[in-house]
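**Q** Turn this into a structure:
(2 chains)
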Amino acid sequence: MSERPQAPRGTFDVLPDQAALRLAVERCARGALEAAGYQRIETPVFEDTDVFRRTVGESTDIVQKEMYTFEDAGGRSLTLRPEVTAPIVRAYIEHGMHKLPQPVKLWYLGPCFRYERAQAGRYRQFWQLGAEALGSDDPAVDAESILLLATILDELGVRGTRLRIASLGAPASRARYRELLQGHLRAHEDRLAAEVRARIDLNPLRAFDSDHPGTREVMASAPLLLDHLDAADAEHFAQVRELLDAAELPYEIDPTLVRGLDYYTRTVFELTSDALGAQSGVGGGGRYDGLAEQLGGAHVPGMGWAAGIERILLAAEERPVPAPICDLYVAVTGNVPGAGGPAAVAAFALAAEARRAGVPTQIELAGRSLKGQLKQAARLGARYVAIVADEGIELKDMQSAQQESVDSAGAVVAHVLRGRHA
RNA sequence: GUGGGCGUAGCUCAGCUGGUAGAGCUCCUGGUUGUGGUCCAGGCGGUCGCGGGUUCGAGUCCCGUCGCUCACCCCA
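**A** Coordinates of the predicted model:
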């Protein structure tokens, strides 16, 4: 068995049943997003490593240990995208989208790559659905964005969702708060977990995520970022909440909500589902008003989110996969695989004609016996089976089991078309 | 990277305290020479993840290794 080829660890094949489910998710998301004026964008699956290194943050796990980075034959350092927001901002800058009416609203669906140990809902290649609105810092952008994700998850039947929101403030107030928090952590350093202590300089906010008992005690009395926002940021956050209230979208304010990427400013949010395992996050995002500048562009405020397709599928209630339609199955008598013969040729021509007429048609391709062909037709849910023999064609209605001879391929197609609209 | 569980036919699994592999499902064929979704029979299909060890003999015991999976970490 070890000889059998296998997909690399943390990756998976999307088999037909799953592909149908994914298509349903894509259609639903696309409908909601495009109705709200978001347009699809696709960026390369790899980028210059700097695109991520400069935006996601040196201190993050993503940059420190999860990136698939490689050098191409030209000596360039490239990285398989671990997320799509930075590439989209890169594209916005590269294509001068600032000259378009703002905000520019974009959505995407595609694979991302992170080198992590796989577990339920976490893979090395996973698909993200996302939406980004660039060029406006209006709180309505934030609220609309959050509402869109919540709506999509709801329409998809994702169970047990919870929305948490917070504000990280602007860089200046965040920096001031950061020092405050670092002071608090240093004052109680001896009670903190080792990893937390090691991150006091790099990312003190992470301390809120710790479940280390000593750390939790220290954090219980820690200053909260929400209490230290600038007036403008506090007002922005208040407006976002007011709009969410107006849309009647329930949420919880979580002052310890920390997103795993460093580029977030002001609004951040996360949607979780209790139908998932340990990886309970279905999607999340926030505002990133400094991201474009980090990439060397002008100041461009932005807001967006990403959701994991695999997690959506895991958390969504089971839905029946619609069976593919087959209106006509073309069988051949005296079937000998590869032997051809006039009946086989006539059958092929009949199938071609039916398809040209728009009839979903399948034809015997495996040299089965007539009994086997009927069985196959039944499996496919075919409405009609045309049995082509050297002597002529018979058309069988699979539901009524009635059968009559038909004198031409055209008559078969006409009959099937009539039956379909009946 | 660390820890727990698991690794027997395409799929789901059985195989007791060691004696050289089974079932169900699926697929194909046959059951009147050309007819389906039920039934019956047959067939295709496995170096029991891999390597080593103990033993007269291991799927069954021991060691190692790889893989899958769940969890930690972190996130989609």
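**Q** Can you show me the helices along chain A?
**A** A:16-35, A:49-53, A:61, A:85-94, A:139-155, A:171-187, A:194-198, A:213-220, A:231-246, A:291-294, A:309-315, A:342-356, A:370-379, A:409-421 (DSSP state H).
**Q** Would you pull up how far the fourth one lies from the middle of the chain?
**A** In terms of C-alpha atoms, centre = their mean, to the nearest Å, the centre of helix A:85-94 is set 19 Å apart from its chain centre.
**Q** Find the nearest non-adjacent residue to the closest residue to RNA strand B within chain A, please.
**A** As assessed by C-beta to the nearest atom of the strand, RNA strand B sits closest to A:G260 within chain A, at 1.9 Å. In short, each C-beta sits where N, CA and C put it, glycine included. Spatially, and ignoring its direct neighbours in sequence, A:G260 is nearest to A:T60 (6.0 Å; C-beta to C-beta, 6 or more residues apart in numbering).
**Q** how about the helices of chain A in CSV, adding distance to A:F269 and mean pLDDT?
**A** Formatted as CSV, these follow (distance: least, C-beta to C-beta, whole Å; pLDDT from 0 to 100):
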stretch, distance to A:F269, mean pLDDT
helix A:16-35, 17, 93
helix A:49-53, 22, 94
helix A:61, 20, 83
helix A:85-94, 14, 97
helix A:139-155, 5, 97
helix A:171-187, 17, 86
helix A:194-198, 24, 78
helix A:213-220, 21, 83
helix A:231-246, 9, 96
helix A:291-294, 17, 94
helix A:309-315, 16, 94
helix A:342-356, 48, 94
helix A:370-379, 46, 93
helix A:409-421, 47, 88
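**Q** which stretch among the ones you listed comes nearest A:P324?
**A** For A:P324, the closest of the helices of chain A is helix A:16-35, at 8.5 Å, according to C-beta to C-beta.
**Q** Would you mind pulling the contact partners of the closest one?
**A** Residues outside helix A:16-35 that contact it (C-beta atoms under 8 Å, 6 or more residues apart in numbering): A:14, A:40, A:107, A:109, A:127, A:129, A:131, A:148, A:151-152, A:155-156, A:309, A:312-313, A:316, A:319, A:321-322.
**Q** among those, which ones are buried?
**A** Among the contacts of helix A:16-35, those classed as buried by 16 or more other C-beta atoms under 10 Å are A:107, A:109, A:127, A:129, A:131, A:148, A:151-152, A:156, A:309, A:312-313, A:316.
**Q** Just the closest of those to A:P82, please.
**A** A:W127 (13.1 Å).
**Q** need the contact list for the closest one.
**A** Each residue near A:W127 by C-beta under 8 Å, 6+ apart is listed here: A:R22, A:L109, A:G110, A:P111, A:C112, A:G308, A:I309, A:E310.
**Q** Check whether A:L314 really touches A:A275, as I assumed.
**A** Yes - in this structure, A:L314 is within contact of A:A275 by C-beta atoms under 8 Å, at 7.2 Å.
**Q** Pull up the overlap in contacts between those two.
**A** Contact with both A:L314 and A:A275 is made by no residue, according to C-beta under 8 Å, 6+ apart.
**Q** if I pick A:E66, what's in contact with it?
**A** Counting by C-beta under 8 Å, 6+ apart, the residues that A:E66 touches are A:P82, A:R114, A:Y115, A:E116.
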